[in-house]
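Enquirer: Generate coordinates for the sequence data below:
(2 chains)
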Amino acid sequence: MSDAPPLLLDFEIQGRITVATIRASSVLSPLNVVEFGNRVLAHVKEHPKLNLLLNFEKVDYLSSSVLTELLRIHKAIEETRGTLRLCAVSPVIREVFEITNLDSVFVINTENAAVCVKRFERALDVAAEDEAWQEPKSS
Amino acid sequence: MCKIFFKEECCSTFEAMAGLLDRAVRVLVDRQWIAPKEEPCLRLCLEEALVNAIRHGNRSEARRKVRLEIAEWHEGFKIKVHDEGNGFCPERVQVPRPEVLGGRGICLIRHFMDQVQFNQEEHCLEMTFSRKAVQPEESPTGICGPAETATPSKRHPGEKRDESAAKDGEISGDA
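Expert: So this is what the prediction gives:
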């Protein structure tokens, strides 16, 4: 018998995007929310410039403890020059972001992961194109 | 008088709390006190209140108790969460700035519940939830602070609420 804790989320690479799907609503309880945050943070630190799409498809509600973990993840991704987006966010969860004024911090999508991966790819293309037009920095 | 239909206590661990939370939500669903679409909001509010009681009220000391009571209240129900802490004024907790990591639990409860207050007489957090918008009666005596007690009805999922009044203020506690 294995004593390993059940996996909280799956990481799947789709082109330039890493999709992290949270396995079920119950994994984001106070019992394991910090572990959820730590696992994502470890992945972010191992993969600088990560383009992470967090998939909330199986999540029914979001507590303030999860918001705290998401803020930690957001900060770590910014520090490693990556990008974070949220997808398949239900109306109730979206409302939680709005109530707490965090809808201005996160890019939140209600569409499913497949749609959001394509959108994310396009956004990366646009960002790369914008960067190409920037004046080169004089040394 | 309120008729209590759920009353349980647990020690201050998240394992014990998870069981208590599940049982309370099941009672509300089975008795059809909440609509299916309201379950996530109710679960969220109960979880936030219980986590607060364990972390801030009982300082995560497992031997300290948390008690949850749910009673009929007009056309809805009233939830009371007792802990062994000093109490606080939920009305004074404001929405933190985005760069602040914690302190949003009470803001979420205030949004989804009709009324949230700290009952000084019984020394507990008190939340009311109506199944349809009802005008609350005058606040009972011993209730801390008037700010949120005048809110006529809760926000159902999808309804907007203006939190701008609280947005710019300082945080008064990590709730």
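
Enquirer: for the residue located most distally from the centre of chain B, phi and psi?
Expert: Taking CA atoms, centre = their mean, the residue of chain B most remote from its mean C-alpha position is B:Glu99, at 24.6 Å. Phi and psi for B:Glu99, reported as degrees, to the nearest 10, are phi -80, psi -10.

Enquirer: Identify the residues contacting it.
Expert: Listed by CB atoms under 8 Å, 6 or more residues apart in numbering or on different chains, B:Glu99 has no contact partners. For every residue, glycine as well, the C-beta is placed using N, CA and C.

Enquirer: got it, and the one 5 residues further on?
Expert: Contacts for B:Arg104 were tallied using CB under 8 Å, 6+ apart; they are A:64, A:67-68, A:100, B:95-96.

Enquirer: Could you identify the pair within those residues that is furthest apart?
Expert: Taking CB to CB as the measure, the contacts of B:Arg104 reach their widest spread between A:Thr68 and B:Val95, a distance of 14.1 Å.

Enquirer: Which one's more surrounded, the two?
Expert: When A:Thr68 and B:Val95 are compared for neighbours, B:Val95 comes out ahead with 25 against 19, by other CB atoms under 10 Å in any protein chain shown.

Enquirer: From what I see, that one and A:Phe97 are in contact.
Expert: No. If you go by CB atoms under 8 Å, B:Val95 and A:Phe97 don't touch, sitting 11.8 Å apart.

Enquirer: Okay, B:Cys2 and chain A: tell me how far apart.
Expert: Distance of B:Cys2 to chain A, computed by CB to the nearest CB, to the nearest Å: 27 Å.

Enquirer: Run through the residues that contact that residue.
Expert: B:Cys2 is in contact with B:71-73, B:78, counting by CB under 8 Å, 6+ apart.

Enquirer: Repeat that for A:Thr18.
Expert: Counted by CB under 8 Å, 6+ apart, A:Thr18 has contacts A:11-12, A:43, A:47, A:50-53.

Enquirer: tell me the pLDDT at it?
Expert: A:Thr18 carries a pLDDT value of 97.

Enquirer: Tell me which helix or strand it sits in.
Expert: Counting by DSSP states H and E, the element that carries A:Thr18 is strand A:17-22.

Enquirer: so after that strand, what's the next helix or strand?
Expert: Going down the chain from strand A:17-22, the next helix or strand is helix A:33-46, by DSSP H and E.

Enquirer: which residues are contacting that following helix?
Expert: For helix A:33-46, contacts defined as CB under 8 Å, 6+ apart pick out A:5, A:8-9, A:11, A:18, A:20, A:22, A:27-28, A:50, A:52, A:54, A:63, A:65-66, A:68-70, A:72-73, A:76-77, A:80, A:82.

Enquirer: No further queries at this time; thank you.
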